[in-house]
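# take this sequence and fold it.
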Amino acid sequence: MGVVIERDEWVLTPLAYPLLSAASLAAVLLLPYFSRWHSAAVAPSSPSPFDVGTTPFIRFRRAFLLLFSLASVVEGIQLVFGEDEFARCGFGREQMAARLAAATVAALFLGGASGIVSDKLGPQRACIFYWMLQLAVGAFKSFSGLRCSWINNFILALASSMFSFCFETWIVLEHEKQGQKQDSLFDTFWLMTFFESVSLVGSQGITNLLRDDDDKGILLPYLFAALVSTIGILYIRKAPVTSTTQHASVIGSYQKSFFAHVLRDKRVLILVLAQASVQFSVSAFWFLWAPIIVADGRDAPLSLIYPCFLVSRMLGSAAFPWFYGAMAPLQNEDSLTTAYIAAGLALLIVAYDYQEIGTLVILFCIFHACVGFILPSLARFRTMYLPNELRGGMMSFSLALANAPIFIFLIQGAYHRNIANSTILGLAACGLLSAGGCIHMLRRWRKHTRQNARSL
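Below is the predicted model:
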């Protein structure tokens, strides 16, 4: 007589995804009505944040957001399989850790230098190079025999590093070139985060639609990514070139400027550390969220849970315009400090080894909503305190600071198993809480500067 083993499965409530999506869309669609006087001050004929600015800039920004969304779709397709891709290649835990650690080293050194190269060559050339990297990875992975090659991990790590700054640098320089008001640029920042999250959700649907057996030798999702990369290259090559040398005579050589405006400026250093803490915590989440949720032995629909995290990030980015400017209930630094503290506390509770799946999902949703709010907020402060010609170098510097501990934890935690998952999440939470304190100091310094200016 056979033995039937019953499997306990945790089920996600069907209302989670619709409620989060409805809240995100409501935050976007109701914004013009609750801030009509603010919109009138920025652009009297514009009822929507999508239509702020002159006609040429609106046309450019729409095309830019479409191109950025396509890049986000490609990013999502390259990362959607996660550990399952390594498992299909026959890799064990140690081999996976070695591959990821090698990719992190590539992002640490090559990615760290890519920001400087991007600032010197210009954002459009950097974006073309990014699309070429994605084209190479998509072409290699399209063939099942080349999917497990080492070169894919290196190229993808470098492409992901460039994705974090090349598009942002491009829109900032184009905004400055066309002489637009800062409010339109700040709207673009949160729209980028919003559309990135939407595109990542869409990339899962595209992958499921195109996914096929490996027997045919051609993997359609990666072939689609290569095709989109080709479209991106062709579009940017036809776009007008944006110059990045307009302030060279003012700030001097790049090395001296970087030392003066980044390493010697306490405000920019705070933004570097704050950005690094977010990048490290997001990477730690990406590696650990699935093992943590299924740690108690119950099955969970991970493919349905992850889109909820992305929609929570959409909600956080859609909440950004409600918390800055004249209509904000708090000071900008206070809102950002609150978001850092909330994200840190959410990870700290998870690091305490709490194993109720429903609570874990809620905490991860809170964490992603805070990340969705933090990313455009940091982009806004970079615009306030950092010369545009140093943006790529500053962001790649913060990325290097985040990748260094990730490499150590991959080797010691995943490979040698000397560090527990809760320890990694706990350190990520402490980093976020410390970053919140640094942002609070930034507010005090700015207030002190204003008081000194009044006394003069």
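
# for the chain, which helix or strand comes out least confident on mean pLDDT?
In the chain, the helix or strand scored least confidently by mean pLDDT, DSSP states H and E is helix 248-251, which has a mean of 42.

# helices along the stretch 351-456 of the chain, start to end?
For the stretch 351-456 of the chain, the helices defined by DSSP state H, counting those that start in this stretch occupy 357-385, 391-409, 421-455.

# determine which of the ones you listed approaches Ile128 most closely.
helix 391-409 (14.3 Å; CB to CB). (C-beta placed from N, C-alpha, C; glycine too.)

# which of the residues in stretch 79-90 are buried?
Judged by neighbour count using 16 or more other CB atoms under 10 Å, the buried positions of stretch 79-90 are 80-81, 85-86.

# pLDDT weak spots in the chain?
Across the chain, the ranges flagged by pLDDT under 70 are 1-8, 34-54, 212-218, 241-252, 296, 325-330, 353-355, 414-416, 445-456.

# just to revisit the earlier point, following the least confident helix or strand of the chain, which helix or strand comes up?
helix 254-258 (DSSP states H and E).

# CA atoms of that following helix as CSV?
Extracted C-alpha coordinates of helix 254-258, given in CSV (Å, rounded to 0.1, in the frame of the first residue of the first chain):
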residue,chain,number,x,y,z
TYR,A,254,37.9,64.9,-14.2
GLN,A,255,40.1,63.5,-11.5
LYS,A,256,40.4,66.9,-9.7
SER,A,257,36.7,67.5,-10.1
PHE,A,258,35.8,64.1,-8.7
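
# got the buried residues for it?
257-258.

# list the helices and strands that helix packs on?
In terms of contacts (3 or more CB pairs under 8 Å, 6 or more residues apart in numbering; DSSP states H and E), helix 254-258 is packed against helix 93-121, helix 391-409.

# what are the buried residues along the shortest one?
Residues of helix 391-409 classed as buried under the neighbour-count rule (16+ other CB under 10 Å) are 391-407, 409.

# what angle sits between it and helix 357-385?
Per axes from the mean of the first three to the mean of the last three CA atoms, to 10 degrees, the angle that helix 391-409 makes with helix 357-385 is 150 degrees.

# which elements pack onto helix 391-409?
Against helix 391-409 (3+ CB pairs under 8 Å, 6+ apart) you get helix 93-121, helix 166-177, helix 254-258, helix 266-293, helix 357-385.

# of those helices, which is nearest Ala22?
Here helix 357-385 is closest among the helices and strands packed on helix 391-409 (CB to CB), at 14.5 Å.

# which stretches of the stretch 1-150 of the chain form helices?
16-29, 31-34, 36-42, 55-79, 83-88, 93-121, 123-141, 150-163.

# closest to Leu386 out of those?
helix 93-121 (11.3 Å).

# centre of the chain to the closest one, how far?
Computed by CA atoms, centre = their mean, to the nearest Å, the chain-centroid distance of helix 93-121 equals 16 Å.

# tell me which residues in that helix are buried?
96-108, 110-112, 114-119.

# give me the nearest residue to Gln275, chain neighbours excluded.
The shortest distance from Gln275 to any non-neighbouring residue, by CB to CB, 6 or more residues apart in numbering, is to Ser398 (4.0 Å).

# contacting residues around the one you found?
Shown in contact with Ser398 (CB atoms under 8 Å, 6 or more residues apart in numbering): 271-273, 275-276, 279.
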